[in-house]
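> Here's a sequence, model it:
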Amino acid sequence: MKANKNAALLLGIFMVTSCAPATRITSSWREPGKEIKIEKLNKVLVVALFKTETGRRAAEDKMVQYLNGKGVVSYNYLDAGISTKDESVMRDKIKADGFDGAVTMRLVDVDKEQIYTPGNISSYPTYYRSFSGYYYRNWSYYTTPGSYSTTRTYTVETNVYSIKEDKIIWTGVTQTENPGGVDRLTDEVVKVVYQKMIKEGFINK
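Numbers count the residues shown, from 1 in each chain. Alright, predicted model coming up:
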């Protein structure tokens, strides 16, 4: 009887671990020597570029949990009137409203889109290097109603921008197998990215 219980326990553990999403960082870059202290930040704009409103809100809500009350979700800040104007209008407004930085998370269906992941930030397209440039060129596609086809592996790109310096200071790409929904996908990605930033000294707790 005891042997049967042990076998059932092992089987249960195997089923849970085998069903859990596996997330790994495939590439990352940080500005050399850059260190962020969350307690010294004023406000950080959090933006998720997902194909559904539900997905965007869930991802942004998860990200702000790691910012100790400093995060501002874009769905409460960036309305259509801001997003449809030119890049300079949005850049000036964000600076005027006192934001220190911005964090973006973009979900990519690997079966439909190839993501550009160079090893050096100087190789990125010019628009990647500032938050306003990156957001202005991506928001319209990701605010168009649509849905994702089912795939086993999802690629997520996470960028961190300094609003004051108007440039990108950290970027990373993750891949998650069998996420089982936006909530679990976002939770996995945020945890892995946050741990990576802590480990490499980019975030100082």
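> Torsion angles phi and psi at the nearest residue in space to N204 that is not next to it in sequence?
Leaving aside its chain neighbours, N204 sits nearest to K37 (4.9 Å; criterion: CB to CB, 6 or more residues apart in numbering). Where you see a C-beta, it was placed from the backbone N, CA and C, and this is true even at glycine. In terms of degrees, to the nearest 10, the main-chain angles of K37 are phi -110, psi 110.
> neighbours around K37, how many?
K37 is flanked by 9 other residues according to other CB atoms under 10 Å.
> Tell me the pLDDT of it.
We have a pLDDT of 88 for K37.
> cool, and N68?
Note for N68: predicted pLDDT of 88.
> which residues touch the closest residue to it other than its chain neighbours?
Nearest non-adjacent residue to N68, counting by CB to CB, 6+ apart: I38, 5.4 Å away. Counting by CB atoms under 8 Å, 6 or more residues apart in numbering, I38 makes contact with L67, N68, K70, I203, K205.
> cutoff 7 Å now
Going by CB atoms under 7 Å, 6 or more residues apart in numbering, I38 touches L67, N68, K70, I203.
> Buried subset of those, written for ChimeraX?
Entered in ChimeraX, the line below selects the buried ones among these, by 16 or more other CB atoms under 10 Å:
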select :67,70,203
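> Now do the helices in this protein.
Secondary structure of the chain, counting by DSSP state H: helices at 2-19, 53-64, 80-83, 87-96, 131-142, 182-199.
> which regions of this structure lie under the pLDDT threshold?
Low-confidence segments of the chain (pLDDT under 70): 1-21, 80-85, 109-129, 136-137, 139-152, 205.
> hang on, K164 packs against F99?
No - if you go by CB atoms under 7 Å, K164 and F99 don't touch, sitting 8.5 Å apart.
> ok, those two, which is more surrounded?
Shown here are K164 and F99; by other CB under 10 Å, F99 has more neighbours (22 against 12).
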